[in-house]
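**Q** I'd like to go over a predicted model; first the sequence, then the structure.
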Amino acid sequence: MTPVYTLGINAVFHDSAAALVRDGEIVAAAEEERFSRIKHAKRPVPFSAWELPYDAIDYCLKEGGIELRDVQRVAYSFDPSLLPGAEAANGGESITLPLEPSAQPAPADAESPWEPLLRSYVVNAPRQLVDGVPLRLARRFRGARAGETFEWRFVPHHLAHAASAFHASPFERAAVMTLDGRGERATTAYFRGEGCSLEQLGEVTMPDSLGLLYERVTSYLGFLHSSDEYKVMALASYGSPRYADDFRSMVQLLGEGCYRIHPPRLRERFGEPRERGAVLEQRHFDIARSLQLVLEETVLELAGWLADASGEDRLCTAGGVALNCVLNAVLRDRGKFRDIWVQPAAGDAGTALGAALWADAELRPEARRHPHMANPYLGPGYGDDEIEEFLRWSKQSYRRMHDVAEESAALLAAGKIIGWFQGRMEFGPRALGARSILASPIDAEMQAKLNEIKDREDFRPVAPAVVEEAADRWFVEGGKNAAGAMRPSPFMLFVVDVRPEMASRIPAVRHTDGTARVQTVERAQNPLYHDVIAAFGRRTGVPVVINTSFNTRGEPVVCTPRDAVECFHASPLDALVIGSFVLEKEAGGAAASDGRAAAAGQGGGR
């Protein structure tokens, strides 16, 4: 039987991405930023919607061993017919756009005067896909014709979020909640999923948006909106909720899963906004804490309504708000659902996967449902031959390791900080043991060292990775589940408490509030990553390592061997473990020469 290929694309706002599904199975998924090296791929402005994730699409097609003309359906995670003021998105309507749209008042039924241009770009995306491909990537796009070789489907943004959560989850049936800044109109949506179907139960629309409120406060606190919201979540742990009533007056719960956001008037309430890079004052910590508390209270109420309305006891979540791991822990510990699954790529990148999964299920309505996403390793991978070819060509000093796990553990036990580049790259914002920086959690100063290496703010915590079989000894879930075994947390999307009796042994990963954003590592999911943590545990008695993303400030996570080597040399990392090879720096900063004869003078081009 001829396989059915579905390509998913996210391209409208930020975190452009692509995903390929074959007969219900995920073949590949990747974010454009990892190839373009532009953080979030592009800024989330309406006039950037023409930029399609060509490199991510090209990679997905390559991983599948196909060309675009072999794809039966392309699913785009945005439906322009749902935009305010849009009657249809058939390409036949005309738009009126002033020469300087931003100098004109916005139409009453549109969020921005640029939205007609956004709608035009989205409507023309099928033709742009085949006609606008860069020449360097044209080979895999040749022969494809929109409406001929592939069918195009616009998938509503929040439906794509919902499908990314439910269709990729291990549940046969569940309630689904999606929360983000905005889609076409929706900002929050509720579904019931069963088998391969999703039934929408309700939604909240613009201008009422918990995600946009969080974004506005992010900007007010001097951070970059649609990018730095996780910093505000970290900041909150240092504050007290003395402004909680102010935020409660902004967020009005209406029942039936609905809410209204009243004008925040942040400057009027809290004074002048913080300038980017300025000193953080106690009021900034308190504003962040108050916002976080009211977000938790509100979403807990919304989820409670959904539990009753759906009749389900399992929950799937996605959307940018679902990346708030403190909120996720509140839903886990205090909510009505007995189990929660959060899409690892919960932000807009994940809608590419969701659109593909939804369109695949629509194409094959009688097909068997798959447990789609057991791990996040869906991006490019590089074998030892390819890695060594680059190391030789770039004249690196390196050596082949006899036992990667044991030798890497020895480096970690000696206090070294290593770049870790293994296997296929993760899909989503979290580094989960494929493109990671690893370090020992035993040294209390290691958090500060890592924040210096990555040029991050001092208040930012670092996260632990623990072998799954030892997780209960070191960490405990809060609230109603504290007496039971800690559930697996392979995607680093929930916070847990560090056991008090263990806190002094892993001080670098214990946040100021006593929690940690933990990743549990099962050997079947990632054998080498598990083995290096276990080997570190045998040497130190602590089967826990620090895991943070392999990048420096303002840069996407590394993707290729070249990215890894460049980041290694441009930062104070001590070693780079890349495939079966290791590069080390001497104390004075020069590269070590051990084993350089393995490759000198030989090499292929790059």
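**A** Ah, there it is. Remember, it's a predicted structure, so these values are computed and weren't measured experimentally.
**Q** Now do the strands in the stretch 151-300 of the chain.
**A** 151-154, 173-179, 186-194, 197-205, 251-255, 258-261 (DSSP state E, counting those that start in this stretch).
**Q** Could you do the stretch 501-606 of the chain as well?
**A** Per DSSP E, counting those that start in this stretch, the stretch 501-606 of the chain carries strands over the ranges 515-517, 519-521, 544-549, 575-578, 581-584.
**Q** Check which helices and strands the first one sits against.
**A** Read it as strand 515-517. In terms of contacts (3 or more C-beta pairs under 8 Å, 6 or more residues apart in numbering; DSSP states H and E), strand 515-517 is packed against helix 325-334, strand 463-467, strand 495-498. The C-beta positions use only the backbone N, C-alpha and C, and glycine is treated the same way.
**Q** Residue 451 is nearest to which of those?
**A** Closest to residue 451 of these is strand 463-467 (C-beta to C-beta; 12.7 Å).
**Q** Any buried residues in the helix or strand just after the closest one, and which?
**A** Once the chain leaves strand 463-467, the next helix or strand it forms, by DSSP states H and E, is helix 471-474. Neighbour-count burial for helix 471-474, counted by 16 or more other C-beta atoms under 10 Å, picks out 471, 474.
**Q** Which secondary structure state is assigned to the residue lying closest to residue 196 once chain neighbours are set aside?
**A** Closest residue to residue 196 apart from its sequence neighbours, by C-beta to C-beta, 6 or more residues apart in numbering: residue 361 at 4.1 Å. State at residue 361, reduced to three classes by DSSP: H, G, I helix; E, B strand; the rest coil: helix.
**Q** isn't residue 361 right next to residue 24, touching?
**A** Yes: using C-beta atoms under 8 Å, residue 361 is in contact with residue 24, at 7.5 Å.
**Q** neighbour count winner among the two?
**A** Per other C-beta atoms under 10 Å, whichever of residue 361 and residue 24 has more neighbours is residue 361, with 22 against 19.
**Q** And that one, how close does it get to residue 478?
**A** From residue 361 over to residue 478 the distance is 36 Å, taken as C-beta to C-beta, to the nearest Å.
**Q** Which residues lie in contact with the closest residue in space to residue 357 that isn't next to it in sequence in this structure?
**A** Distances taken as C-beta to C-beta, 6+ apart place residue 167 nearest to residue 357, at 3.9 Å, with adjacent residues excluded. Residues near residue 167 by C-beta atoms under 8 Å, 6 or more residues apart in numbering: 193, 196, 354, 357, 358, 361, 369, 372.
**Q** The fifth one and residue 197: what is the separation?
**A** With the distance defined as C-beta to C-beta, residue 358 ends up 10 Å from residue 197.
**Q** Please say which of these two ends up with more neighbours.
**A** More neighbours surround residue 358 than the other of residue 358 and residue 197, with 29 against 16 (other C-beta under 10 Å).
**Q** Contact partners for that one?
**A** By C-beta under 8 Å, 6+ apart, residue 358 lies in contact with 75, 155, 159, 160, 163, 167, 198.
**Q** try residue 530
**A** Taking C-beta under 8 Å, 6+ apart, we find residue 530 in contact with 467, 468, 521, 522, 523.
**Q** and residue 241, how many neighbours does it have?
**A** 17.
**Q** tell me the pLDDT at it?
**A** On the pLDDT scale, residue 241 is placed at 97.
**Q** That one contacts residue 297, doesn't it?
**A** No: in this structure, residue 241 is not within contact of residue 297 by C-beta under 8 Å, at 10.1 Å.
**Q** How are the helices of the stretch 201-350 of the chain distributed by residue range?
**A** 210-220, 229-236, 244-250, 266-270, 282-310, 325-334, 349-363 (DSSP state H, counting those that start in this stretch).
**Q** tell me the most buried of those?
**A** Most buried of the helices of the stretch 201-350 of the chain, by mean neighbour count (mean count of other C-beta atoms under 10 Å): helix 349-363, with a mean of 30.
**Q** pLDDT on it, on average?
**A** When pLDDT is averaged along helix 349-363, the result is 95.
**Q** and it, how far out from the chain's middle?
**A** Put simply, helix 349-363 sits 17 Å off its chain's centre (C-alpha atoms, centre = their mean, to the nearest Å).
**Q** now for the very next helix or strand once past that helix, which elements pack on it?
**A** Next helix or strand after helix 349-363 toward the C-terminus (DSSP H and E): helix 384-393. Where contact means 3+ C-beta pairs under 8 Å, 6+ apart, helix 384-393 is packed against helix 561-569, strand 581-584.
**Q** Pull the distance from the helix or strand that helix 384-393 is followed by to the chain's centre.
**A** Once the chain leaves helix 384-393, the next helix or strand it forms, by DSSP H and E, is strand 399-400. Distance, stretch centre to chain centre, for strand 399-400: 33 Å (C-alpha atoms, centre = their mean).
**Q** Stretch 532-551 now?
**A** Offset of stretch 532-551 from its chain centre (C-alpha atoms, centre = their mean): 23 Å.
**Q** again with stretch 272-283
**A** Distance of stretch 272-283 from the chain centroid (C-alpha atoms, centre = their mean) equals 27 Å.
**Q** Residues contacting stretch 213-227, please?
**A** 13-14, 39-40, 44, 181, 228-229, 231-232, 235, 250-251, 261, 264, 266-267, 270, 273-278, 284, 287-288, 291, 295, 321.
**Q** mean confidence score for it?
**A** Average pLDDT, stretch 213-227: 93.
**Q** okay, how far is it across it, tip to tip?
**A** Stretch 213-227 has an end-to-end distance of 14 Å (C-alpha to C-alpha, to the nearest Å).
**Q** again with stretch 72-84
**A** End-to-end span of stretch 72-84 (C-alpha to C-alpha): 30 Å.
**Q** That one: which residues count as buried?
**A** By neighbour count on 16+ other C-beta under 10 Å, the buried set for stretch 72-84 is 72, 73, 74, 75, 76, 77, 78, 79, 80, 82, 83, 84.
**Q** Over that stretch, what's the mean pLDDT, rounded is fine.
**A** Computed over stretch 72-84, the mean pLDDT rounds to 94.
**Q** ditto for stretch 137-145
**A** When pLDDT is averaged over stretch 137-145, the result is 94.
**Q** Can you give the distance from that stretch to the centre of its chain?
**A** Put simply, stretch 137-145 sits 29 Å off its chain's centre (C-alpha atoms, centre = their mean).
**Q** Just the CA coordinates for it, please, in CSV.
**A** In CSV, the C-alpha atoms belonging to stretch 137-145 read as follows (Å, rounded to 0.1, in the frame of the first residue of the first chain):
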residue,chain,number,x,y,z
LEU,A,137,17.0,23.8,-1.5
ALA,A,138,15.1,23.5,-4.8
ARG,A,139,15.9,19.8,-5.5
ARG,A,140,13.5,18.4,-3.0
PHE,A,141,10.7,20.8,-4.0
ARG,A,142,10.9,20.2,-7.8
GLY,A,143,7.9,19.0,-9.6
ALA,A,144,5.4,19.9,-6.8
ARG,A,145,2.3,21.9,-7.8
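**Q** any residues touching that stretch, and which ones?
**A** Stretch 137-145 is contacted by residues 54-55, 58, 61-62, 67-69, 71, 129-130, 133, 149-150 when judged by C-beta under 8 Å, 6+ apart.
**Q** in that stretch, what's buried?
**A** 140, 141, 144.
**Q** Closest one of the residues you listed to residue 515?
**A** Comparing the buried residues of stretch 137-145 against residue 515 with C-beta to C-beta places residue 140 closest, at 44.9 Å.
**Q** Thanks again, I'm all set now.
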